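> here is a sequence together with a model predicted from it:
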Amino acid sequence: MFFNFEFFKMMKHVSRIIFYFLLSTLFTWWFVTLSPLYISNQQMLLSTVVAGGKWGLQILMAFLFLKEKKWVYIKHLAGVCLIGSFILLPFVVLNKLKIMEDHNGVFFLGSLIAAVIAMLYYAYKSVKISDISIHWWYLWILCLFIAVSLQLTLVFHVIVF
């Protein structure tokens, strides 16, 4: 047969995954640029790279270890990332429109905490829906812990340990 429908189905998933991660990156970058806590472009870039690296590591591990369930899991993982980024949008919009200026960073940190809590829940759901081991959720939490530790030490120079 000339058309391979499975290939087109997979490409639909891959396109959605790429779109979700690109949109998440855009929203996150917008969030970072409006934060009162970053003092330089290098700090903003490093923060974004650390956050993106966490997602990239999880995608790599899915490719290496999940075999036939990798695309389902990665698709759900992209959704988790997008949900977290959507939660950051109220901060972005209210700050950009000068409705709420966040000079001390409380709204910024609150937005981050809300995004992390939501992503914890949806990462758990994505593991369940993907029908993979709960260890993948534990791995997600470990990657989150490492990323937060790197953010605090490398980006904000706060000693964690």
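All right, it came through fine. Numbering: from 1, shown residues only.
> mind naming the longest helix for the chain?
What stands out as the longest helix in the chain, according to DSSP state H, is helix 5-34.
> identify each buried residue in that one, please.
Burial within helix 5-34, assessed by neighbour count using 16 or more other C-beta atoms under 10 Å, is assigned to 17, 20-21, 24-25, 27-32, 34. (Each C-beta comes from the backbone N, C-alpha and C, glycine too.)
> so after it, what's the next helix or strand?
Toward the C-terminal end, the helix or strand that comes next after helix 5-34 (DSSP states H and E) is helix 41-65.
> for that next one, what is the average pLDDT?
Average pLDDT, helix 41-65: 94.
> and the least confident of the buried residues of helix 5-34?
Among the buried residues of helix 5-34, Leu34 has the lowest pLDDT, at 88.
> which residues does it contact?
Leu34 makes contact with 91-92, 95-96 under the criterion C-beta atoms under 8 Å, 6 or more residues apart in numbering.
> Leu152: which of these is nearest?
Nearest to Leu152, judged by C-beta to C-beta, of the contacts of Leu34 is Phe91 at 19.5 Å.
> the closest one reaches Gly105, doesn't it?
No: with contact defined as C-beta atoms under 8 Å, Phe91 does not count as touching Gly105 (10.4 Å).
> more crowded one of those two?
Phe91 (23 against 13; other C-beta atoms under 10 Å).
> can you tell me the SS state at Asp102?
Put simply, Asp102 is coil when judged by DSSP: H, G, I helix; E, B strand; the rest coil.
> next one: phi and psi at it?
The phi/psi pair for Asp102 (degrees, to the nearest 10) reads phi -120, psi 70.
> and for it, the neighbour number?
Here the number of neighbours of Asp102 (other C-beta under 10 Å) works out to 18.
> and it, how far is that from Leu57?
To Leu57, Asp102 is 30 Å away according to C-beta to C-beta, to the nearest Å.
> one more: Gln42?
Taken as C-beta to C-beta, the span from Gln42 to Leu57 is 22 Å.
> who has more neighbours out of the two?
Leu57 (14 against 10).
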